[in-house]
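J.: Mind looking at a prediction? Sequence and model below.
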Amino acid sequence: RRSSDLLKAFSDYAKSLESQYPTVTANSSPLALAADVNPFLEVTDGIEAGLSFGGVFLGGFSASSTSASPQQNGTINYDIWDAALSLKARFLKLDRGKIRLFVEADPEVYLASLSVVNSDTVSGWGFIPAVGNFSSTGFGALFKLGLEWKPLPNSLVGFFVGYQMANLTGFKGSAAANGSTTNEPGQLETVRSGGDTNIDFVQDGTSAPAGASPLSLDLSGILAGAHLTALF
């Protein structure tokens, strides 16, 4: 249901990898889709309260280099889940009540995990020199404006536009880094320097590079979608 220009840190990272390392090709997903399950209770005519559970599907980040044999490659996979309270109000009946406009507000909790895989954490070909898993949580909100059509007595088809506010910061976890096979705790950092954006793994107890800040995934943006509701 959602699509937006997301993950600016990863988009900037892809551009920087390609500019700093001419043999590297990197790709970052610019779009996102999501699906939710939303059980609800009709409080009064036109007012609903419920819960929402779902996932955001972002694809992944990939990079590869042809400067060595075998070819070096790295990936970052995203898993993002959300849970929310939902409050919907319907108004302005049309076509004898078969079509109604609605507004909806959903305060949400997001849980995200990132899995980093690097085929070569020693040579310094530009990708995060680590293999490990990281996670973060964050709060946000989702607002919708749309219309619903009632083609059958026990069903609704809806279309909406809206805006989502959500930002997840501070991906902590553990990874085997810089050629080591032992997992060490740490977090992912975004490092901005001289117009370039890199993502690095910083072990606990070590100093972060100059210009570093905790990695952030910004899921905020305009969205559009559709839903199908079954009434019981």
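T.: Happy to help now that I have it.
J.: residue ranges with poor pLDDT in this structure?
T.: Counting by pLDDT under 70, the chain has low-confidence residues at 1-6, 30, 68-69.
J.: Have a look at it and report its longest strand.
T.: Identified as the longest strand of the chain according to DSSP state E is strand 72-94.
J.: list the helices and strands that one packs on?
T.: strand 47-57, strand 60-65, strand 99-118 (3 or more C-beta pairs under 8 Å, 6 or more residues apart in numbering; DSSP states H and E). To be clear about C-beta, it is placed using only N, CA and C from the backbone, and glycine gets the same treatment.
J.: Out of those strands, the one nearest Thr25 is which?
T.: Nearest of the helices and strands packed on strand 72-94 to Thr25, taken as C-beta to C-beta: strand 60-65 at 5.6 Å.
J.: Tell me the buried residues in that closest one?
T.: Phe61, Ser62, Ala63, Ser64, Ser65 (16 or more other C-beta atoms under 10 Å).
J.: Around the residue nearest to the third one when sequence neighbours are not counted, count how many other residues there are.
T.: Setting aside the residues directly before and after it, Ala63 is nearest to Ala26 in space (C-beta to C-beta, 6 or more residues apart in numbering), at 4.1 Å. Residues within reach of Ala26, counting by other C-beta atoms under 10 Å, total 21.
J.: ok, now which ones touch Ala26?
T.: The contact partners of Ala26, taken as C-beta atoms under 8 Å, 6 or more residues apart in numbering, are Tyr13, Ala14, Lys15, Leu17, Glu18, Phe61, Ser62, Ala63, Ser64.
J.: Mind checking what secondary structure the first one has?
T.: Which is Tyr13. The three-state label given to Tyr13 by DSSP: H, G, I helix; E, B strand; the rest coil is helix.
J.: How about the contacts made by it?
T.: Applying C-beta under 8 Å, 6+ apart, the residues near Tyr13 are Ala26, Ser28, Phe61, Thr190, Thr197, Asn198, Ile199.
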